[in-house]
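1. Give the three-dimensional model of this entry:
(2 chains)
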Amino acid sequence: MTEPILSVRNLQVEFASRRGTLRAIDGVSFDIAKGEVLGVVGESGAGKSVTGLSVIGLIDPPGRISGGEIRLAGLRIDNLPPEELRRVRGKRIGMIFQDPLTSLNPLYKVGDQIVETIRTHLNLSEQAARRRAIELLAEVGIPAPDKRIDGYPHEFSGGMRQRVVIALAICAEPELIIADEPTTALDVSVQAQIISLIKRLGRDHGTAVMLVTHDMGVIAETSDRVAVMYAGRVAEIGPVQDVVRNPLHPYARGLMGAIPTLAGEDKRLVQIPGSMPRLSAIPRGCSFNPRCERAFDRCRVDRPEPLPRGAQSVACHLYDDLPAESAA
Amino acid sequence: MLAFTLRRAIQAIGVMIAVGIISFSMFRFAGDPVNQMVGMDTSGAERAAIRKSLGLDDPVIVQFGRYIGNAAQFKFGVSYQFRLPVANLLMERMPATLELAICATIFAMVSGILMGVYSALRRDSWLSHLFQAVSLIGISLPTFLIGILMIYLFSVTLGWLPSFGRGDVVHIGWWTTGLLTLSGLKALIMPSITLGLFQMTLIMRLVRAEMLEVMRTDYIRFARARGLTTRAIHFGHALRNTMVPVITVAGLQFGSVIAFAIITETVFQWPGMGLLFVQAVQNVDIPIMAAYLMMVSLIFVTINLVVDILYTIVDPRLRSTVSRAH
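-> Okay, the predicted model is just below:
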């Protein structure tokens, strides 16, 4: 296997608060290969966004990466000095945020913002950067890009602004794009367009994509692999068909059970009882045990570590005694 | 854009007419002008003749119309104490006041913005705490006290700077400037600081608060995610977004600077309009007081107009709302 574009090993992120240190991410590991789309799902507060922000090095104090390793194509990036990390951001890792309405500086023309980003990372003249900006706008599907380049953000609709944000994220041909809930703030009809755009760009440029969302539908449509996060840990990770059709972790099963089907008969969707624990009150053992129907004694004492089960990897004691190949 | 400017200009004229009513009524409520002009032994017939020759018998509305008409041509009558046209007196002193006000504003803007940006970006450094402490002094100490303290320190004790006046001035047409001579520049330092200190602290606190606010916004986070340099983020993206409220405040404060110049000019015996006004109050010189009121209002109104137009240059969102709304 070739070296993954992004490799995260045992990542820990802590936030210092008045009531002590809270661990938002606790031992997260995953890889993303070239051209692969990894979906990261979970409830609000599961640590999806924080994981994305740690990769690009934008965790703001009082938060900090307290352990683990992040490697981008083999280069360790979690402990780079600020100036070198800045050169990685935007150049080798592009980021797309949730709200396109507030992601762009309202006082600058979109073209100026793109040209500024291009010229920060690539050694191009003003004219060359502008030509490239027009090409980028065309590539992300903005009509009449040679005119729209001189428009201000407020003259674009939400979906169009998200396209501009995507153009900004890919303008230096990054190896990895982190998309943090890129469609949450958009209209449903626009969501599909943006998702297919991200997918197409990833395919055309061989860019790895880390797609953070709580929308299982988006994941199923876009991702090659999916990581299910719960309370700052990866509960299950694996190829998207396997995880969607045959989830192993009880939490992942609960999530998949909550997806409505068009063809399915008229039965009630399954609900997971309870809610995710707060960071200050994460239970001993498996953090999902109070909500888990199949929890047994060991779950309340021992924290399960992710173990491979076929193509999937799952952190659950239910599978402890099974041999690695014959899962569920 | 043109319609917007025009509309604002019409509003400005309305404000000036209202100010005209106030300054006109000063004449009517501060005693009979004829009594001010003539001696004790003037006969009733002579008084009536003067009254008639000055047009004081006409209906109030006619007199007011004449007053506004004259004011629009910068004719404000004759000063009681100097026996000279008020317009000439004001014009003679205006360069001194404007020069002082502009220097004070530039001082306030430059140091206020620098200190504000620094204390927003390095919130916990000792220098930021020092700036905060200094700004507290600037806000709470009255202007005249700061002026007197500075005179005591730099003029009386150290003897570095002159304690009063403008120094040597150079005439350029009707304008006189102290900016071209060494003594003029030296004389400008203390009054400018005294006058600008309050504005400086105001701008510094405003810039700091706005900058902290802007640094938390999504587009700054996105700018960081784009890998822009810290310098570009702070000064290109964050500072420009803090400038809209700063322009408003600094613009409106420029009017106050001219008005507050009365105190600073008195402390430093600065030969400007403010000092002229204080002397006029002492001598009940109504034409000067009325004209000063009109002049200061005119400056205020003009600045407001300019600030409104400046907004649309800084913030493109206003440009389209402006053209859509009109």
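
2. From here on, just use CA atoms for contacts and neighbour counts.
-> OK.

3. Who are the contact partners of A:Arg148?
-> Neighbouring residues of A:Arg148 by CA atoms under 8 Å, 6 or more residues apart in numbering or on different chains: A:Ile142.

4. May I have stretch B:294-314 as PDB, with CA atoms only?
-> This file holds the C-alpha atoms of stretch B:294-314, laid out as PDB (Å, rounded to 0.1, in the frame of the first residue of the first chain):
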ATOM      1  CA  MET B 294     -22.900  78.900  12.100                       C
ATOM      2  CA  MET B 295     -19.300  78.100  11.200                       C
ATOM      3  CA  VAL B 296     -19.000  75.200  13.600                       C
ATOM      4  CA  SER B 297     -22.300  73.800  12.500                       C
ATOM      5  CA  LEU B 298     -21.300  74.100   8.900                       C
ATOM      6  CA  ILE B 299     -18.100  72.100   9.600                       C
ATOM      7  CA  PHE B 300     -20.100  69.500  11.500                       C
ATOM      8  CA  VAL B 301     -22.600  69.100   8.700                       C
ATOM      9  CA  THR B 302     -19.900  68.900   6.100                       C
ATOM     10  CA  ILE B 303     -18.000  66.300   8.000                       C
ATOM     11  CA  ASN B 304     -21.100  64.200   8.400                       C
ATOM     12  CA  LEU B 305     -21.700  64.300   4.700                       C
ATOM     13  CA  VAL B 306     -18.100  63.300   3.900                       C
ATOM     14  CA  VAL B 307     -18.300  60.500   6.400                       C
ATOM     15  CA  ASP B 308     -21.400  59.100   4.800                       C
ATOM     16  CA  ILE B 309     -19.700  59.200   1.400                       C
ATOM     17  CA  LEU B 310     -16.500  57.600   2.900                       C
ATOM     18  CA  TYR B 311     -18.500  54.700   4.200                       C
ATOM     19  CA  THR B 312     -19.600  53.700   0.800                       C
ATOM     20  CA  ILE B 313     -16.000  53.700  -0.400                       C
ATOM     21  CA  VAL B 314     -14.800  51.500   2.500                       C
END
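
5. chain center to that stretch: distance?
-> Stretch B:294-314 sits 11 Å away from the centroid of its parent chain (CA atoms, centre = their mean, to the nearest Å).

6. Do me a favour and average the pLDDT over it.
-> For stretch B:294-314, the mean pLDDT works out to 82.

7. How about stretch B:239-258?
-> Across stretch B:239-258, pLDDT averages out at 82.

8. so which helix or strand takes in the closest residue to B:Phe131 other than its chain neighbours?
-> Spatially, and ignoring its direct neighbours in sequence, B:Phe131 is nearest to B:Met115 (6.8 Å; CA to CA, 6 or more residues apart in numbering or on different chains). If you go by DSSP states H and E, B:Met115 is part of helix B:86-121.

9. quick one, what contacts A:Asn246?
-> Listed by CA under 8 Å, 6+ apart, the contact partners of A:Asn246 are A:Arg253.

10. how near is it to A:Pro239?
-> Counting by CA to CA, to the nearest Å, the gap from A:Asn246 to A:Pro239 is 10 Å.

11. With B:Ile288 instead?
-> Taken as CA to CA, the span from B:Ile288 to A:Pro239 is 87 Å.

12. tally of neighbours for B:His171?
-> Counted with other CA atoms under 10 Å in any protein chain shown, residues neighbouring B:His171 total 10.

13. tell me which element the closest residue to B:Tyr118 other than its chain neighbours is part of?
-> Leaving aside its chain neighbours, B:Tyr118 sits nearest to B:Ser128 (7.0 Å; criterion: CA to CA, 6+ apart). Assessed by DSSP H and E, B:Ser128 sits inside helix B:126-140.

14. got the contact list for the residue most central in space within chain A?
-> By CA atoms, centre = their mean, chain A has its centre lying nearest to A:Val212, at 2.9 Å. Applying CA under 8 Å, 6+ apart to A:Val212 gives the contacts A:Gly39, A:Val40, A:Val41, A:Lys48, A:Ser49, A:Gly52, A:Ile178, A:Ala179, A:Asp180, A:Glu181, A:Pro182.

15. ditto for B:Val246
-> B:Ile203, B:Leu206, B:Val207.

16. do B:Asp218 as well
-> B:Asp218 neighbours (CA under 8 Å, 6+ apart): A:Thr102, A:Ser103, A:Leu104.

17. Give me the phi and psi for it.
-> Per-residue torsions, B:Asp218: phi -60, psi -40 (degrees, to the nearest 10).

18. Now for A:Arg89, how many residues are close by?
-> When neighbours are counted by other CA under 10 Å, A:Arg89 comes out with 25.

19. follow-up on the earlier one: for the residue nearest to the centre of chain A, name its beta-bridge partners.
-> A:Val40, A:Asp180 (DSSP bridges).
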